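**Student:** What shape does this take:
(one chain, ligands or ions: 2)
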Amino acid sequence: MMFELRMLAYRFLKMFMKPVVKLVPQPRPVVFVGPDSAPRLCRLIGEFGFRRVLIVTDAVLVKLGLVAPLRHALVSQGVEVALFDSILPDPTYPVVRQGHAAAVAHRSDAILAVGGGSSIDAAKVIAAMVTSGKTPEKLLGFFRLTKPMLPLFVVPTTAGTGSEVTVAAMLTDPVRHEKAAVVDPRIVPAAAALDAKLMQGMPPHITAATGMDALTHAVEAYLNVWPNAETAYHSISAVRMIFANLPRAHANGGDLEAREAMALASFYGGLAFTKAYVGYVHAFSHKIGGTYGVPHGQANAITLPYVLDFIKDAPYAEARLAELALAIGAGEPGESQSGLAQRFVERVRELNRQVGIPERMAELRSSDVPMIARAAMIEANRDYPVPKVMKLGEAEALLRRMQPAPA
Ligand SMILES: NC(=O)c1ccc[n+]([C@@H]2O[C@H](COP(=O)([O-])OP(=O)(O)OC[C@H]3O[C@@H](n4cnc5c(N)ncnc54)[C@H](O)[C@@H]3O)[C@@H](O)[C@H]2O)c1
Ligand SMILES: [Fe+2]
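**Tutor:** Ligands and ions are numbered 1, 2, ... in the order given. Just a heads-up that it's a prediction; the model follows:
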C-alpha cells in the first residue's frame with residue numbers, strides 16, 4: 001500500500017516535468033556520415049585547433065585495429081594523443097575516475113570517444129568531470145553540470161545506444177549493482193562520425209543486441225504519452241530502418257549499406273528518446289543489467305515483447321502500435337487496431353528469433369523477482385511518461401513469465 005502511494009506521488013510529480021522537458025534546449029552534434037567519415041572528423045579536430053586529445057575507448061577495439069587509423073589522423077594534424085583504453089561494458093565510477101585522472105595528467109583540451117555506448121558514456125562523464133571538478137556520483141541526476149564540459153567528439157562503433165546524440169550517460173555502481181544516469185543537455189557531444197566501416201567487424205550477437213536496443217528506444221519513445229511531431233518521425237523512421245536492415249547486418253556484417261542504415265536508425269532512436277524518454281523495458285533492463293551483467297541491448301531485446309504484450313490494450317498504445325505495424329508493412333490499413341497492434345508485437349518476436357535473441361532471460365532468479373520489479377517500478381513511475389500504469393504485482397508476473405521454462 002505504501003509502495004503504491006509512493007508510485008502515485010511520483011506520477012503526480014512527473015506531470016510537472018512535461019513543460020520542463022519541452023523548454024529545455026536539446027543541442028545536437030554536428031554529424032558526419034559515410035565511409036571514412038571517422039578519420040575525416042579526426043583530421044578536423046586538429047584543424048579546429050585542439051592540440052591535446054585523449055582517446056577514450058576499450059581494449060577490444062584497440063586490438064581489432066579500429067583505433068590506430070584515428071590516432072594517426074589526429075597525429076597527422078600535429079595533435080598530441082593519449083590513449084585511455086580501460087573501458088569495459090557498463091562503465092563504473094572507478095573506471096571513469098581513472099579516465100578523469102588520465103585526462104588531467106595529459107592536460108587534454110578535447111576528448112575523442114571511440115566505441116559503443118560504454119565508451120561514449122564514460123567519455124561524457126570524464127569530459128564533465130574535468131570542467132566541473134565534480135565526482136561521478138555528484139554528476140548523477142538532472143542538470144548537475146554547471147559549466148560546459150570539455151569538447152567531446154564521438155565515433156560510435158555499435159549501432160544501438162544513440163549515445164552520440166542523447167543528453168544522458170549511464171553509469172553502474174559496482175557495489176550496489178545499480179545503473180544510474182547523468183542527464184544534462186550540456187553532455188551532448190560536439191560532433192559525431194557515423195562511419196559504418198568501423199561496424200563491419202561487429203560480431204552477430206553484438207549486432208543483434210545493440211540493434212534491438214535501438215529498436216527499443218524508438219518504440220518506447222513512440223508509445224510514450226508526451227508526443228511531439230519530430231520525435232514521432234524519428235521513431236517511425238528508425239523502426240522501419242531497423243526491421244529492414246538489422247537482419248541484413250546480422251547475416252552479413254560486411255553489408256555497408258545495412259550497417260549505415262543501422263547507424264542512422266540508432267542515431268534517430270537516440271534523437272527520439274532523448275526528448276520523449278524510454279519506458280518499462282529500460283526500467284526492467286537497467287536493474288537486470290546491473291544485477292547480472294546481461295548486456296543492455298540483450299536485456300532490452302528479451303524484455304520488449306513482454307512489455308508490449310502488457311501495454312498493447314491501452315487505447316493510446318494500441319493506436320500507436322497499429323501505426324508501427326503499418327509502417328513496417330505488417331497488415332492492411334482496414335484491419336482492426338487491436339489486430340494490427342498484435343501483428344507488431346509478433347513481428348518484434350520474429351525479429352528477435354531471426355537475429356538469435358533468446359525468448360527467456362536465463363539469468364533471472366526467482367528470489368530476485370520482487371527486488372527487480374520494485375526497482376523497475378520506481379524508475380518507470382518516477383522518470384518515464386508510459387502509456388499504462390503497471391502495478392507491482394503485474395511487474396512481478398511479467399518477470400516470472402520471462403524466466404526460463406522449467407526443465
Ligand atoms: N547514453 C545513452 O543515451 C545510452 C542509451 C542506451 C544505452 N546506454 C548504455 O550504453 C552501454 C552499452 O553500450 P553498447 O550496447 O553500445 O555496447 P558496449 O559499448 O558496452 O560494447 C559491447 C561490446 O562490443 C564490443 N564492440 C563495440 N563495437 C564493436 C565493433 N565495431 N566491433 C567489434 N566489437 C565491438 C565492445 O568492445 C564491447 O566488448 C550500457 O552501459 C548502456 O546502459 C547509454
Ligand atoms: Fe537503451
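**Student:** For the stretch 101-250 of the chain, what lies in contact range of ligand 1?
**Tutor:** 115-119, 121, 157-158, 160-163, 166, 168-170, 198-199, 201-202, 206, 210, 213 (CB under 6 Å from any ligand atom). From N, CA and C alone the C-beta is placed, and that goes for glycine too.
**Student:** And these, which of them are buried?
**Tutor:** 115-119, 121, 157-158, 160-163, 166, 168-170, 198-199, 202, 206, 210, 213 (16 or more other CB atoms under 10 Å).
**Student:** if you look at those residues, which of them are in strands?
**Tutor:** Residues of those located in strands (DSSP state E): 115, 168-170.
**Student:** Please point out which parts of stretch 97-117 sit buried.
**Tutor:** Residues of stretch 97-117 classed as buried by neighbour count (16+ other CB under 10 Å): 98-100, 102-103, 106, 108-117.
**Student:** same thing with stretch 288-306?
**Tutor:** Buried, per 16+ other CB under 10 Å, within stretch 288-306: 288-292, 294-306.
**Student:** hang on, the earlier thing: so which of the buried residues of stretch 97-117 are in helices?
**Tutor:** 98-100, 102-103, 106, 117 (DSSP state H).
**Student:** Please put the alpha-carbon coordinates of stretch 257-275 into PDB.
**Tutor:** Output of stretch 257-275 as PDB, limited to C-alpha atoms (Å, rounded to 0.1, in the frame of the first residue of the first chain):
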ATOM      1  CA  GLU A 257      24.600  -0.200 -46.700                       C
ATOM      2  CA  ALA A 258      22.700  -2.100 -44.000                       C
ATOM      3  CA  ARG A 259      25.400  -1.100 -41.400                       C
ATOM      4  CA  GLU A 260      25.000   2.600 -42.400                       C
ATOM      5  CA  ALA A 261      21.200   2.400 -42.200                       C
ATOM      6  CA  MET A 262      21.500   0.800 -38.700                       C
ATOM      7  CA  ALA A 263      23.900   3.600 -37.600                       C
ATOM      8  CA  LEU A 264      21.300   6.200 -38.800                       C
ATOM      9  CA  ALA A 265      18.500   4.300 -37.100                       C
ATOM     10  CA  SER A 266      20.400   4.200 -33.900                       C
ATOM     11  CA  PHE A 267      21.000   8.000 -34.200                       C
ATOM     12  CA  TYR A 268      17.300   8.600 -34.900                       C
ATOM     13  CA  GLY A 269      16.300   6.400 -32.000                       C
ATOM     14  CA  GLY A 270      18.600   8.500 -29.800                       C
ATOM     15  CA  LEU A 271      17.000  11.700 -31.000                       C
ATOM     16  CA  ALA A 272      13.500  10.300 -30.300                       C
ATOM     17  CA  PHE A 273      14.100   9.000 -26.800                       C
ATOM     18  CA  THR A 274      16.300  11.900 -25.500                       C
ATOM     19  CA  LYS A 275      13.100  14.000 -25.800                       C
END
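**Student:** ok, longest helix in the chain?
**Tutor:** The helix spanning the most residues in the chain, taking DSSP H as the definition, is helix 229-251.
**Student:** so Gly115 sits right up against Val62, yeah?
**Tutor:** No: counting by CB atoms under 8 Å, no contact exists between Gly115 and Val62, whose distance comes to 9.9 Å.
**Student:** So for this structure, the centremost residue is which one?
**Tutor:** Thr161 (2.9 Å; CA atoms, centre = their mean).
**Student:** Without its sequence neighbours, what residue ends up closest to that one?
**Tutor:** Nearest residue to Thr161, sequence neighbours excluded (CB to CB, 6 or more residues apart in numbering): Gly117, at 3.1 Å.
**Student:** Then Asp58?
**Tutor:** Once flanking residues are discounted, Asp58 sits nearest to Ile87: 4.4 Å by CB to CB, 6+ apart.
**Student:** quick one: pLDDT of that neighbour?
**Tutor:** For Ile87, the model assigns a pLDDT of 98.
**Student:** Next: Ala229.
**Tutor:** 85.
**Student:** how distant is the least confident helix or strand in the chain by mean pLDDT from the center of its chain?
**Tutor:** Lowest on mean pLDDT, DSSP states H and E among the helices and strands of the chain sits helix 17-23, with a mean of 81. Computed by CA atoms, centre = their mean, to the nearest Å, the chain-centroid distance of helix 17-23 equals 21 Å.
**Student:** by contact count, what packs against that helix?
**Tutor:** For helix 17-23, there is no helix or strand it packs on, judged by 3 or more CB pairs under 8 Å, 6 or more residues apart in numbering; DSSP states H and E.
**Student:** Surely Trp226 is in contact with Met15?
**Tutor:** No: Trp226 is beyond contact range of Met15, at 10.4 Å (criterion: CB under 8 Å).
**Student:** Tell me which of those two has more neighbours.
**Tutor:** For the pair Trp226 and Met15, the greater number of neighbours falls to Trp226 (16 against 9), based on other CB atoms under 10 Å.
**Student:** Excluding sequence neighbours, find me the nearest residue to the more buried one.
**Tutor:** Trp226's closest residue in space is Pro385 (CB to CB, 6+ apart), at 4.7 Å.
**Student:** And the pLDDT at that neighbour?
**Tutor:** We have a pLDDT of 95 for Pro385.
**Student:** Does it touch Val225 like I think?
**Tutor:** Yes: using CB under 8 Å, Pro385 makes contact with Val225 at a distance of 4.9 Å.
**Student:** So what does the residue of the chain most remote from its centre have for phi and psi?
**Tutor:** Going by CA atoms, centre = their mean, the residue of the chain most distant from its centre is Gly334, 34.6 Å out. Phi and psi for Gly334, reported as degrees, to the nearest 10, are phi -80, psi -10.
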